[in-house]
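pasted the sequence and its predicted model underneath.
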Amino acid sequence: MPVCQNCGEKWTWKQTVKTMFRLKCPHCGEKQYESASSRIRGGVFVLIPLVLLPINAWLEFSIGTVLILAIIFAFIIIGLYPFIIKLSNEEEPYW
């Protein structure tokens, strides 16, 4: 779970999911940024649909099945994301 770099408080899973897009500390209210290493690790989740596209073409799933699988994968990714996120006080470049 992420730890605020300003106040040092550890966020819960629920707090992390609630503030996932704005990353404002629920304890001290300070803006936090996702670290560069965390953004790179999170980018791996974007590749999951690209891996599934050839599998879908090979197995010839229907549109409904693909939509249900996409929703399931979206919930799995959102559920796992708080475990890989690391925070920083300032925005870091990728390099």
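Right, received. Where do you want to start?

gap between residue 77 and residue 12?
Between residue 77 and residue 12 the distance, using CB to CB, to the nearest Å, works out to 19 Å. No exception for glycine: its C-beta is placed from N, CA and C like everyone else's.

distance of the residue most central in space within the chain from residue 71?
Centroid-nearest residue in the chain, with CA atoms, centre = their mean: residue 81, separated by 3.6 Å. Between residue 81 and residue 71 the computed distance is 16 Å (CB to CB).

list the helices and strands the strand or helix carrying residue 80 packs on?
Assignment of secondary structure by DSSP states H and E places residue 80 within helix 63-84. Contacts of helix 63-84 with other secondary structure elements, assessed using 3 or more CB pairs under 8 Å, 6 or more residues apart in numbering; DSSP states H and E, are made with helix 13-18, helix 36-59.

weakest of the ones you listed by average pLDDT?
Within the helices and strands packed on helix 63-84, the stretch with the lowest mean pLDDT is helix 36-59, showing a mean of 79.

picking up where we left off before, which stretch among the helices and strands packed on helix 63-84 comes nearest residue 92?
Ranking those by their distance to residue 92 (criterion: CB to CB) puts helix 36-59 first, at 4.2 Å.

buried residues in that closest one?
For helix 36-59, burial by neighbour count (16 or more other CB atoms under 10 Å) applies to 38, 42, 45, 52.

just the angle between it and helix 63-84, please?
With axes from the mean of the first three to the mean of the last three CA atoms, to 10 degrees defining the directions, helix 36-59 sits at 160 degrees from helix 63-84.

from the chain's centroid, how far away is helix 36-59?
Going by CA atoms, centre = their mean, to the nearest Å, the spacing between the C-alpha centre of helix 36-59 and its chain's C-alpha centre is 12 Å.
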